[in-house]
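Q: Predicted structure and sequence below. I'll ask about it afterward.
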Number of protein chains: 2
Amino acid sequence: MSLDPAIAARLKRTADGLVPAVVQQYDTGEVLMLAWMDDEALHRTLTTGRATYWSRSRRSYWVKGATSGHAQHVKSVALDCDGDTLLVKVDQVGAACHTGDRTCFDADVLTVTPA
Amino acid sequence: MSLDPAIAARLKRTADGLVPAVVQQYDTGEVLMLAWMDDEALHRTLTTGRATYWSRSRRSYWVKGATSGHAQHVKSVALDCDGDTLLVKVDQVGAACHTGDRTCFDADVLTVTPA
């Protein structure tokens, strides 16, 4: 089994065959992280309900929480208007970030200083 | 003037010199869209308070709302733990999506069917 051809036909992938996935906590709205999926990772995510990504650095599939226990239970997945980005709403167990922070965006806030 | 070198040093860019920017409505938490920034787009965003992106298709800078009126007033910008993704919290005027939808993720929800 592989990704539904009707979905695969709508995906616009990078040169590496990937689509960025924005991962959001379904109830609080926190943006937790951004990860990458290929067709197979999306297929596994949709059919298992466990968020599964393609690790560009390790060049392998990665079930979020498989080693850390910090799993993501998938509530919904949406494709954007251009077919080139996914929004994955999840229920995050524990910290989403490998640093131990709740989200990957907690630590480095930049200063906005309109002229 | 260009991007603060201390920020530029932390950015990890794609081969095209870009960083994906997740754009979120600051108060409701809605994920509105995903866009791309290079160093100059980030610099303009941080110093003008108006969300400014790099259009990959048009190969030009793009101040969101400049033609549509659907501007994004920037509330905060954060860099993620890996330095390869930005989270831009904005106050969106009108629809974020060029289709007229409030967000770019409203129209194409995929079915999650855990085995």
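A: Ah, there it is.

Q: Can you name the residue of chain A nearest chain B?
A: Residue nearest to chain B within chain A: residue A:29 (2.3 Å; C-beta to the nearest C-beta). Any C-beta I mention is one placed from the backbone N, CA and C, and that applies to glycine too.

Q: burial of the closest residue to that residue other than its chain neighbours, as a residue count?
A: Nearest residue to residue A:29, sequence neighbours excluded (C-beta to C-beta, 6 or more residues apart in numbering or on different chains): residue B:29, at 2.3 Å. Counted with other C-beta atoms under 10 Å in any protein chain shown, residues neighbouring residue B:29 total 15.

Q: can you give me the strands in chain A?
A: Using DSSP state E, the strands of chain A run over A:19-25, A:31-37, A:52-55, A:60-63, A:72-79, A:86-92, A:108-110.

Q: JSON lines for those, including mean pLDDT and distance to residue B:100?
A: Output for the strands of chain A, formatted as JSON lines (pLDDT from 0 to 100; distance: least, C-beta to C-beta, whole Å):
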{"stretch": "strand A:19-25", "mean pLDDT": "98", "distance to residue B:100": "21"}
{"stretch": "strand A:31-37", "mean pLDDT": "98", "distance to residue B:100": "24"}
{"stretch": "strand A:52-55", "mean pLDDT": "97", "distance to residue B:100": "31"}
{"stretch": "strand A:60-63", "mean pLDDT": "97", "distance to residue B:100": "36"}
{"stretch": "strand A:72-79", "mean pLDDT": "98", "distance to residue B:100": "17"}
{"stretch": "strand A:86-92", "mean pLDDT": "98", "distance to residue B:100": "18"}
{"stretch": "strand A:108-110", "mean pLDDT": "96", "distance to residue B:100": "31"}
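
Q: For these, give me a markdown table that also has distance to residue B:15.
A: Formatted as a markdown table, the strands of chain A follow (distance: least, C-beta to C-beta, whole Å):
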| stretch | distance to residue B:15 |
| --- | --- |
| strand A:19-25 | 15 |
| strand A:31-37 | 14 |
| strand A:52-55 | 17 |
| strand A:60-63 | 21 |
| strand A:72-79 | 24 |
| strand A:86-92 | 21 |
| strand A:108-110 | 23 |
